[in-house]
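> Predicted coordinates and the sequence they were generated for:
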Amino acid sequence: MDKFRKIILFASVFVCGAGVMIVELVGVRLLAPYFGTAMFVWASIIGVILGAMAFGYHLGGRIADRNATYNGFAFYIGLCATLTILVSVLAEPVLALFSLPAIAPIVGAFISAMILYIPVSIAFGIITPYAIKLSFMACKEEADKHGKIVGNINSIATVGSITGTFLAGFVLIPFLGATTVMVSVAAAIIILAFVVNIKNKWVTQVPLIVMFVIIVVGSFVSYVQVVSVPGMVYRTNTQYNTVTIADRGNVRTMFLGTGRSSARFLDSDDLVFEYTRLYDLAFDFHDNIQTTLMIGGAGYSYPQYFVRNHTGTMDVIEIDPGVTELARRFMGLTDHPRMRIFHRDARIFLNNNEKRYDVIFGDAFVARTPPWHLTTVQAKQRIHASLADDGIYIINIIDRVAGGRLFAAIYHTMARVFPYQLVFRPQYHYTELGDVQNITIMAFKNEPLASGTSEFHYRQYHGTVPRGMILTDDRAPVETLVP
């Protein structure tokens, strides 16, 4: 085999192997703001891509057997690049459509994955069998080495996939963001297509030139979609999130993905979200709060309010240091001697914590779903162990009071650990029991005795909570319980 052709074949399967894994991991990031990072999101992406690639392998073998040429090989590589950029172009409208409330998240995620990833995965699947056929054609006199050729090409493709996995997870997505990564992958692959076809006549480059134009236009459209958020002040990708800062009137909001995570008034220090005001209920049941813990920082609205208006200390667990940096830049977060910030997973923090807190506040979400590993009996046991003898645990969730499966599951799971609980409706005056709303659950290690006269007591829910499943580390399908 010509040395140049051999290098080109190996480089092609390596780059395309890396490309498909990068595109796959970006897919999880694209779906996360709309459907969270639940198992069904990963299963949808992985299953759809594997199934489509299997068909691509079959199709690629048939195509190559009919007429395998380097011009054709370059065309299919270019097709991979073109379909990659189309994923970026179509992602926002497709995901917005299939994440509507009328569509179950598990269904929406699966349909979205099929629409976005079947075409590009089939194209990537064509590459390896096509490369094998070209190698066979160049080594007709070495039929006894066909096994070696197949092994080498599959090995190189797999090494490319491994490289793409680590490159996407550790470098590209955290530092460049999903859109730039998709554009970069498409650009690298279309350049590869031109190189593969470099020894052929110029007229054979025309389809690749058309694809290149599509990629350029698609890249422009992708970036226009990214910056088309009304009132947007700033948008970036961190290691864990796509974060948008937007202003509307005198309110600045931090979005993690598509969900509102935190907000602040630009002209006052008051709390914007009503449920955060209910955190002060703790002072009606505990007259000497000195140490507190907040699980979930985001824009740090309540932690900042707490240290301004109360005398105790607050530790804040925020998994994403990038979000904390943005809170400093845009949400008014400043250092305070009574507030400490820990950048780590909350469950790991709780597992290793030896400090005892008077109050623990829970406000961590992925989209509208609390992280599953913070909802289980085992997690609540760690929270219980981290509370002082008269400690209080306050958690915010989003669900329906009447018929809410997530609310019922979390309430009854907490009841396995905490003997006393109270439920409050922050938005009771403009929501019905069957509406999706913030729900505040207060759990106590000892019988609660209100010592204050908080204005929020009239928001207490006195009805019964229907039976719900008990969430455990073994089984906690919270993503299937969200409204």
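In hand now; what should we look at? Numbering: from 1, shown residues only.
> hang on, isn't Arg235 packed against Leu256?
No. If you go by Cβ atoms under 8 Å, Arg235 and Leu256 don't touch, sitting 11.5 Å apart. To be clear about C-beta, it is placed using only N, CA and C from the backbone, and glycine gets the same treatment.
> And these two? Which one has more around it.
Ranked by neighbour count (other Cβ atoms under 10 Å), Arg235 and Leu256 place Leu256 first, with 23 against 15.
> Spatially nearest residue to the more buried one (excluding sequence neighbours)?
Distance criterion Cβ to Cβ, 6 or more residues apart in numbering; nearest residue to Leu256, sequence neighbours excluded, is Asn241 at 4.7 Å.
> what's the helix or strand for Thr236?
For Thr236, the host element (DSSP states H and E) is strand 232-237.
> do the same with Ile7
helix 3-35.
> Could you look up the SS state of the spatially closest residue to Leu86 that is not a sequence neighbour?
Nearest-residue entry for Leu86: Gly218, 6.3 Å, with adjacent residues in sequence omitted and distances by Cβ to Cβ, 6+ apart. Three-state assignment for Gly218 (DSSP: H, G, I helix; E, B strand; the rest coil): helix.
> Gly218: neighbouring residues, count only.
22.
> So Ile317 versus Ile394, what's the distance?
15 Å (Cβ to Cβ, to the nearest Å).
> same question, Ile441
Distance, Ile441 to Ile394, using Cβ to Cβ: 7 Å.
> The two: which is more packed in?
Between Ile441 and Ile394, counted using other Cβ under 10 Å, Ile394 has the larger neighbour count: 24 against 21.
> Pretty sure the more buried one sits against Tyr357.
No. If you go by Cβ under 8 Å, Ile394 and Tyr357 don't touch, sitting 11.5 Å apart.
> Tell me the buried residues in the strand holding Thr236?
Of all the residues in strand 232-237, those buried under the rule 16 or more other Cβ atoms under 10 Å are Asn237.
> Next SSE downstream of it?
Following strand 232-237 toward the C-terminus (DSSP H and E): strand 242-248.
> Name the residues that touch the helix or strand following that following strand?
Per DSSP H and E, strand 242-248 leads on to strand 251-256 as the next helix or strand towards the C-terminus. For strand 251-256, the external contacting residues (Cβ atoms under 8 Å, 6 or more residues apart in numbering) are 33, 233, 241-247, 260-266, 272, 298-299, 323, 326-327, 330-331, 365.
> I'd like to know which of the residues you listed are buried.
33, 241-246, 261-264, 272, 298-299, 323, 326-327, 330-331, 365.
> on that earlier part again, partner strands of the strand holding Thr236 and their direction?
strand 242-248 (antiparallel) (DSSP bridges).
> And the helices in the stretch 101-250 of the chain?
105-138, 146-167, 173-176, 178-196, 206-226 (DSSP state H, counting those that start in this stretch).
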